[in-house]
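> mind folding the following:
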Amino acid sequence: MNRSKAGAIALLVVVLALLPAVVHSDYLLALCDTAGIYAIVVMGLGILLGFAGQLSLAQAAFLGIGAYASGWLTTHLGWSVWPSMGAAMALSALVGLAVGYPCLRLSGHYLALATIGFGIITQLVLINWKDVTNGSDGMGSIPPPAIGSFVFDTYGRYYYIVLVAVIVCAYVAWRIKTTRVGRALEAIRENEIAARATGIDATRYKIVAFVLAGTYAGLAGSLLAHMTKFISPDSYSFDQSVVFLVMLIVGGSSSISGAILGAVLLWFLPEVLRPLKTSYIMVYGAAVIAMIVFMPRGLIGLFEGVRARFARRSPEAA
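Sure thing, here's the model as predicted:
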């Protein structure tokens, strides 16, 4: 990473850190918190789809696993929030391993169908396992995190937990992308047969990507549970997994910054279009379709293309 890019990222982090001092609306801060949490989910999907080229429609299921695991541990066993978040991530990773091992022997639409089935089963378990999940009534009274006597019980305070989590997750994803694991995943994405011919254990690396995607979603689910203090199975449906996929495609599937940008944009876009009332859904759908059709590499691809044009013109202007 060059100095100019690192400087721009540092400036962006500073600006984001000052946001709660400027925005005083709890509603807007809650939207910002949720956008950051969804960005973590989409980054995890980006590792699986963008890096390894494996399509999964089960991110909402892992989001629910993380949320219910952390919520249940704190409300039923009296765990503090921080260990429960770690346990939620670990459980999501283990489930990812158990599901990914058989599913990732499939490919293409067969893999997508398998993950859809897993997502549907997970939601049915959340609805029907009433002794643990409280069924369709949901689980409430989930405590917020705290450090000593300082409780993150407002959206403005919770914003900083989400911001730190997004930064750490983005850094981990960037490190993965620049290491041998990332290069192996990229080789599998481009040509799995050729990758296997060079000695890459494609199945193992795909499972690693699937586990990482589940871990990211598990962390996000835990963060969401302790932010909203209430969870229900309706929030973890197949439709939500499709939304995460669209967020990734719109932002740029192989880009970490694209995953964050796509999640934030598509989360806030309905709020911008809400004054249109009943017609906003149609406009929202048309806008998403237009972005997918006319920007196949996502918003990040568009920005990179514009930057490349200016780079080519600058020597001529000089």
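> residue 132: neighbouring residues, count only.
By other CB atoms under 10 Å, 12 other residues sit near residue 132. (Each C-beta comes from the backbone N, C-alpha and C, glycine too.)
> is it in a helix, a strand, or coil?
For residue 132, the secondary structure call by DSSP: H, G, I helix; E, B strand; the rest coil comes out as helix.
> any idea how far it is from residue 167?
Counting by CB to CB, to the nearest Å, the gap from residue 132 to residue 167 is 33 Å.
> over to residue 205?
Distance from residue 205 to residue 167, by CB to CB: 26 Å.
> ok, residue 153 next?
In terms of CB to CB, residue 153 sits 22 Å off from residue 167.
> low pLDDT regions in the stretch 1-150 of the chain?
Across the stretch 1-150 of the chain, residues meeting the criterion (pLDDT under 70) sit at 1-2.
> where along it do the strands fall?
Listed from the start of the chain, the stretch 1-150 of the chain has strands (DSSP state E, counting those that start in this stretch) covering 146-147, 150-151.
> can you map out the helices along the stretch 151-300 of the chain?
For the stretch 151-300 of the chain, the helices defined by DSSP state H, counting those that start in this stretch cover 155-177, 180-190, 192-197, 202-228, 238-251, 256-273, 280-294, 298-317.
> okay if I get these as JSON lines plus mean neighbour count?
Output for these, formatted as JSON lines (neighbours: other CB atoms under 10 Å):
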{"stretch": "helix 155-177", "mean neighbour count": "18"}
{"stretch": "helix 180-190", "mean neighbour count": "18"}
{"stretch": "helix 192-197", "mean neighbour count": "14"}
{"stretch": "helix 202-228", "mean neighbour count": "26"}
{"stretch": "helix 238-251", "mean neighbour count": "22"}
{"stretch": "helix 256-273", "mean neighbour count": "21"}
{"stretch": "helix 280-294", "mean neighbour count": "13"}
{"stretch": "helix 298-317", "mean neighbour count": "12"}
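> so which of those comes closest to residue 123?
Taking CB to CB, helix 238-251 is the member of the helices of the stretch 151-300 of the chain nearest to residue 123, at 7.6 Å.
> who wins for proximity to residue 260 among the strands of the stretch 1-150 of the chain?
Among the strands of the stretch 1-150 of the chain, strand 146-147 comes nearest to residue 260, with 25.6 Å by CB to CB.
> the nearest residue to residue 169 once chain neighbours are set aside and residue 34, how far apart?
In this structure, residue 169 finds its nearest non-sequential neighbour in residue 40, 5.1 Å apart by CB to CB, 6 or more residues apart in numbering. Remark: distance between residue 40 and residue 34 (CB to CB) = 11 Å.
> out of the two, which sits in the busier spot?
Neighbour tally, residue 40 and residue 34, criterion other CB under 10 Å: the higher count belongs to residue 40, 27 against 21.
> what's near enough to touch the more buried one?
If you count contacts by CB atoms under 8 Å, 6 or more residues apart in numbering, residue 40 has them with 165, 166, 169, 216, 217, 219, 220, 223.
> could you rerun that using 10 Å?
Neighbouring residues of residue 40 by CB atoms under 10 Å, 6 or more residues apart in numbering: 63, 162, 165-166, 168-170, 173, 216-221, 223-224, 259-260, 263.
> just residue 90 next, same as before
So residue 90 contacts 66, 69, 215, 218 (CB under 10 Å, 6+ apart).
> perfect, I'm done here.
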